[in-house]
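Student: coordinates only, sequence not included:
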Ligand SMILES: Cc1cc2nc3c(=O)[nH]c(=O)nc-3n(C[C@H](O)[C@H](O)[C@H](O)COP(=O)(O)OP(=O)(O)OC[C@H]3O[C@@H](n4cnc5c(N)ncnc54)[C@H](O)[C@@H]3O)c2cc1C
């Protein structure tokens, strides 16, 4: 097994790092949630460089980047808490390439590639998350339109989005996977309102999204009426290596390590062990992510391998935050902005911020179910 990078890959990584440093910074100013205006400008810079849609085929104006290039880009972006493609480039564009009409492709693909359209995702509802197919937002056909009523929740970035892609219940009498229609809706359509959900670390990255008699032209259906579940399944397949979860833990860990090295006297033996554990786990997470990328580059379809990478990487983010918080003592539990806070409150913030990472994009329990059933052949309970 040869883990060395080639010259091209090293050059590419250096170029990505330099670009991110110049256009976004080093992550010290927070992520996309804290800097939505900069996120839009940054997407335009990515677009000009051909990196916003680097994964798209050349036929659609993309860069046809290899899985390894995409992985390097994701890894470097996560080191600096920089946004990558967003919903438009990562989900909507690829889905339209497969299921969209010619008109839909014409309308959206270039706009997404040029960062003129920012998208958010309306899948989850108060009663439908892990069991997404039980969603209830109702879409009733009325002439050339659908009329929508219902509520979505946890809609990340809705406050900054131009469009939303939404799963709706179009046939309440059909078996639940067969009565779902997938729609694209401009966020300024009358009847759509959003309410931000403020998280415990103070940012409001996601929202409740309400639909009240929202009229959507039927030409905005992706795929076929009542067949939206299968289109959405394509969208959910565009999971990458998951390397960003490991990479997001690395920056804070390196800063913690430096702090620990210079404050060694105050370190208990258990803290030393915890730092060593994190160092090992970062390497494990890195290899789990690289395995997914390797499978993609070999034309294989990762399944439980993606679940392992997602689960381990996100739990590592939480463990690493908890260990840092314990190590820094009471001063580490003070928030950023407090002059007494150890390490500027970074680990207090991280501890609160990472609570959600084992829930977003499929909970740890769901990932374990996938590993157990699809990976290890255990029967469903
Ligand atoms: C940061 C963040 C961003 C998000 N962004 C978006 C977004 O932009 N758009 C969007 O549509 N959604 C978004 N979500 C929602 C996310 O997809 C859901 O939170 C997730 O799918 C879990 O659903 P739920 O919250 O309804 O929990 P539930 O599904 O109700 O789960 C509750 C608990 O039960 C457990 N559980 C459920 N089913 C099983 C089972 N079969 N076996 C074992 N345990 C089980 C879960 O693991 C969990 O611990 C986001 C969530 C987060 C945290």
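Tutor: Received, thanks. None of these values were measured; they are calculated from a predicted model.

Student: state the distance from residue 66 to residue 207.
Tutor: According to Cβ to Cβ, to the nearest Å, residue 66 and residue 207 sit 35 Å apart. The way it works is simple: take the backbone N, C-alpha and C, and place the C-beta from them, glycine included.

Student: so those two - more neighbours on which side?
Tutor: For residue 66 and residue 207, the more surrounded residue by other Cβ atoms under 10 Å is residue 207, and the numbers stand at 22 against 17.

Student: how is the more buried one assigned, secondary-structure-wise?
Tutor: When classified by DSSP: H, G, I helix; E, B strand; the rest coil, residue 207 comes out as strand.

Student: what do you get for the one 4 residues further on?
Tutor: At residue 211 the chain is in strand, as set by three-state DSSP.

Student: in this structure it contacts residue 151, no?
Tutor: Yes - at 7.1 Å, residue 211 counts as touching residue 151 under the criterion of Cβ atoms under 8 Å.

Student: next to the ligand, which bits of the stretch 51-200 of the chain? Give me the list.
Tutor: Counting by Cβ under 6 Å from any ligand atom, the residues of the stretch 51-200 of the chain close to the ligand are 120-124, 129-130, 154-156.

Student: hmm, 5 Å instead?
Tutor: 121, 123-124, 129-130, 154, 156 (Cβ under 5 Å from any ligand atom).

Student: all strands for the stretch 1-150 of the chain, in order.
Tutor: Applying DSSP state E, counting those that start in this stretch to the stretch 1-150 of the chain gives strands spanning 119-122, 138-142, 145-153.

Student: what is the neighbour count of the residue in the chain that the ligand sits nearest to?
Tutor: Nearest residue of the chain to the ligand (Cβ to the nearest ligand atom) works out as residue 129 at 1.9 Å. Residues within reach of residue 129, counting by other Cβ under 10 Å, total 17.

Student: quick one, what contacts it?
Tutor: Residue 129 makes contacts with residue 154, as judged by Cβ atoms under 8 Å, 6 or more residues apart in numbering.

Student: rerun that using 10 Å as the cut-off
Tutor: With contact set as Cβ atoms under 10 Å, 6 or more residues apart in numbering, residue 129 has these partners: 123, 135, 153-154, 359, 362-363, 366.

Student: residue 138 now?
Tutor: Contacts of residue 138 (Cβ under 10 Å, 6+ apart): 146-150, 168-170, 172, 211.

Student: for residue 242, which non-adjacent residue is spatially closest?
Tutor: Once flanking residues are discounted, residue 242 sits nearest to residue 309: 3.8 Å by Cβ to Cβ, 6 or more residues apart in numbering.

Student: distance of the one you found relative to residue 140?
Tutor: Separation of residue 309 from residue 140 (Cβ to Cβ): 41 Å.

Student: so the two - more neighbours on which side?
Tutor: residue 309 (28 against 14).

Student: pretty sure residue 349 contacts residue 335?
Tutor: Yes - in this structure residue 349 lies within contact range of residue 335 using Cβ atoms under 10 Å: 6.9 Å.

Student: neighbour count winner among these two?
Tutor: Remark: of residue 349 and residue 335, residue 349 carries more neighbours, 21 against 13, as counted by other Cβ under 10 Å.
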